[in-house]
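A.B. asks: let me see the structure of the following:
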Amino acid sequence: MTTPFFSFVRPLAVVAFGGNALLRPEDPGTTASQLQRAREAVRRLLPILARGYELVVVHGNGPQVGNLLMQSELAAAQIPPQTLDFCVAETQGSIGFLLELAFANELPRAGFRKEVATFLTQVLVDAADAAFLAPSKPVGPFFSRERAAVLEESLGWMMIEDSGRGWRKVVASPRPLAIRGVAVAAALVNRGHIVIAAGGGGIPVVETEDGQVRGVEAVIDKDYTASLLASSLSADVFIVLTGVEHVARDFGRPTETPLRELDVLTARALLAEGQFPPGSMGPKIDAAVRFVEAGGRQVLITRAESLADALEGKTGTLVRNGP
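C.D. replies: Sure thing, here's the model as predicted:
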């Protein structure tokens, strides 16, 4: 597959942040509270625009999809449960709406005149990806063992016991191969619009041998998709917002050491050592390295609250080919 090269009038930043930025465990979960979180998130992104970048935003959707699956379970006797690809599509629309509202309210206050567009994004995965043979990504609510057995029998779900809290559905987490319709996102960026794309890692789809496209029950890691999107758009910088100010060696230990810069060889070596766990920083570092290896210039990893300082080089971690 040939990757097109896109060139924009102004530099482009692709930013990825998690779904818990808009819906945290302590939040009531109302639309009003999520909109307030969205406005907080948008305010923290404004320094990117102030530095002259066009902006593409990739958001997570873990808590939101979990809520949809719980609603489906509670209403299962009356309404057929939704498939996971459909849930991802729904959350792309609903979270995109919240972010569009937040931008509409915050941009004029900061002196920016920009339109915002949510791009409902399908992401191609390989139907033969080994992840489909061993689903491992827990999603949705917890069930009793008895209810889990019923769901396994009636719906064909694969269930696992999760951390002593109950049984959960597990699905495949295949790697993204391509962003369908990426030229649409590029056209929007070229017109100076802020684009919200690839929410929740994208709606997973496969292509059949006869050229048909269909959705699949899977969850694509948001950071891998964001990295692929940044590469596909030839972004100047890929920004990963996470829960820590910077990446560290021996995180959480007495020997913890901040890593303000990482070249790709060192990052790969530290990954191999197990310095970055698979369930937290590991995928972010791997996604960052993949972006740079695909020709990207640099990746900035920091927390949202520190983004303004990180853009000025005061904090955060930069991943690039060399010093």
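
A.B. asks: nearest residue to the residue nearest the centre of the chain other than its sequence neighbours?
C.D. replies: Among the residues of the chain, the one closest to the centroid is Lys222, at 2.7 Å (Cα atoms, centre = their mean). For Lys222, ignoring the flanking residues on the chain, the nearest one in space by Cβ to Cβ, 6 or more residues apart in numbering is Gly201 at 4.3 Å. The way it works is simple: take the backbone N, C-alpha and C, and place the C-beta from them, glycine included.

A.B. asks: over to Phe97?
C.D. replies: Computed as Cβ to Cβ, 6+ apart, the closest residue to Phe97 that is not its neighbour in sequence is Thr118, at 7.2 Å.

A.B. asks: for the helix or strand where that neighbour lies, packing partners?
C.D. replies: Using DSSP states H and E, Thr118 maps to strand 116-119. Helices and strands touching strand 116-119, by 3 or more Cβ pairs under 8 Å, 6 or more residues apart in numbering; DSSP states H and E, are helix 84-106, helix 182-190, strand 194-197.

A.B. asks: most neighbours per residue, which of these?
C.D. replies: Among those, ranked by average contacts under mean count of other Cβ atoms under 10 Å, first place goes to strand 194-197 (a mean of 27).

A.B. asks: what is the neighbour count of the closest residue to Glu207 other than its chain neighbours?
C.D. replies: Leaving out its chain neighbours, the residue that sits closest to Glu207 by Cβ to Cβ, 6+ apart is Val213, at 5.6 Å. By other Cβ atoms under 10 Å, 11 other residues sit near Val213.

A.B. asks: from Ala131, how far off is Val213?
C.D. replies: 19 Å (Cβ to Cβ, to the nearest Å).

A.B. asks: tilt between the helix or strand containing Ala41 and helix 84-106?
C.D. replies: When elements are assigned from DSSP H and E, Ala41 belongs to helix 31-50. Between the axes of helix 31-50 and helix 84-106, defined by axes from the mean of the first three to the mean of the last three Cα atoms, to 10 degrees, the angle is 70 degrees.

A.B. asks: using CSV, write down the CA coordinates of the next helix or strand after helix 31-50.
C.D. replies: Per DSSP H and E, helix 31-50 leads on to strand 54-59 as the next helix or strand towards the C-terminus. Only the C-alpha atoms of strand 54-59 are listed here, as CSV (Å, rounded to 0.1, in the frame of the first residue of the first chain):
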residue,chain,number,x,y,z
GLU,A,54,-2.6,23.1,12.8
LEU,A,55,-4.2,20.6,15.1
VAL,A,56,-5.5,17.0,14.8
VAL,A,57,-6.9,15.6,18.1
VAL,A,58,-7.2,11.8,18.8
HIS,A,59,-9.1,10.9,22.0
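
A.B. asks: list the buried residues for stretch 141-158?
C.D. replies: Pro141, Phe142, Phe143, Ala148, Leu151, Trp157, Met158 (16 or more other Cβ atoms under 10 Å).

A.B. asks: quick check, the fifth one in contact with Arg168.
C.D. replies: Same thing as Leu151. No. The pair Leu151 and Arg168 fails to qualify as a contact (Cβ atoms under 8 Å) at a distance of 10.3 Å.
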